[in-house]
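Novice: Sharing a model prediction with you, sequence too.
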Amino acid sequence: MLAAVAALSGAPAAMAPASGQGGAEPVPLFGIKLPPGYRDWRLISVAHEEGDLNDLRAILGNDVAIKAYREGTLPFPDGAIIARLAWRYVPSEENNKVFGRDQSFVAGAPTNVQFMVKDARKFAATGGWGFAQFNDGKPVDDAMLGACFSCHVPVEARDFVFTRYAP
């Protein structure tokens with residue numbers, strides 16, 4: 001786990017420039033663009049998703065989201081944005097040579113970037129949240145985003161947000 005956290009601490013800077021600092025075309029369904037400077041946001045938590053995805057994730061928040069997390073504010077205020085950056089979960093041959101066994105995994109190639117943007121009025125039909133996903137800096141199609149909200153319904157009591165703050 002320590003190796004995963006260490007790998008993720010520098011991983012956002014290693015994402016391909018195509019994922020950008022903002023200004024890409026907006027996601028059609030919710031009209032969300034890549035927020036400028038999102039890679040500089042603060043860390044909320046990290047995660048490893050197994051199964052078909054098998055990835056490492058860094059969950060970041062803008063200042064509004066971080067303040068809400070730290071103060072335990074629910075629902076999140078308008079303007080909160082949560083980002084999920086994901087990379088392939090791959091073994092580190094270099095680290096494993098040092099350890100003498102297979103135990104180290106690191107972030108590999110980036111897979112995608114997702115966002116949840118809070119605007120209670122604009123996104124009222126989806127619990128006040130707009131959703132976006134970018135692959136190589138390009139938005140995914142509406143069909144893929146249409147399922148986002150239904151997946152978040154089980155955590156309605158936490159304002160539809162899965163990730164808990166890990167200070």
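Specialist: That came through, no problem. All figures in this text were calculated on a predicted structure; none of them were measured in a lab.
Novice: element containing Ala86, please.
Specialist: Taking DSSP states H and E as the criterion, Ala86 maps to strand 81-91.
Novice: Can you show me the CA trace of that strand as CSV?
Specialist: Output of strand 81-91 as CSV, limited to C-alpha atoms (Å, rounded to 0.1, in the frame of the first residue of the first chain):
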residue,chain,number,x,y,z
ILE,A,81,-15.4,19.6,-8.0
ILE,A,82,-14.0,16.1,-7.3
ALA,A,83,-11.6,14.6,-9.8
ARG,A,84,-10.7,10.9,-10.2
LEU,A,85,-7.4,10.3,-12.1
ALA,A,86,-6.8,6.6,-13.0
TRP,A,87,-3.8,4.6,-14.2
ARG,A,88,-3.2,1.0,-15.0
TYR,A,89,-2.1,-1.0,-12.0
VAL,A,90,1.2,-2.6,-13.0
PRO,A,91,4.0,-4.4,-11.2
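Novice: tell me the contacts of the closest residue to Gly128 other than its chain neighbours?
Specialist: Distance criterion C-beta to C-beta, 6 or more residues apart in numbering; nearest residue to Gly128, sequence neighbours excluded, is Ala120 at 3.9 Å. The C-beta positions use only the backbone N, C-alpha and C, and glycine is treated the same way. With contact set as C-beta atoms under 8 Å, 6 or more residues apart in numbering, Ala120 has these partners: Pro75, Asp78, Gly128.
Novice: Give me the buried entries from those residues.
Specialist: Pro75, Gly128 (16 or more other C-beta atoms under 10 Å).
Novice: Tabulate the contacts of Ala120 (CSV), appending pLDDT, distance to Cys151 and secondary structure.
Specialist: Shown next, in CSV, are these (pLDDT from 0 to 100; distance: C-beta to C-beta, whole Å; DSSP: H, G, I helix; E, B strand; the rest coil):
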residue, pLDDT, distance to Cys151, secondary structure
Pro75, 98, 18, coil
Asp78, 98, 22, coil
Gly128, 98, 16, coil
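Novice: just the contacts of Ala120 now: which is nearest Glu156?
Specialist: Using C-beta to C-beta, Pro75 comes nearest to Glu156 of these, at 10.0 Å.
Novice: what's around the nearest residue to the closest one once chain neighbours are set aside, how many residues?
Specialist: Excluding its sequence neighbours, the residue lying closest to Pro75 (C-beta to C-beta, 6+ apart) is Asp159, at 4.2 Å. Neighbourhood size, Asp159 [other C-beta atoms under 10 Å]: 18.
Novice: and if you look at Glu49?
Specialist: Glu49 - counted by other C-beta under 10 Å - has 13 other residues nearby.
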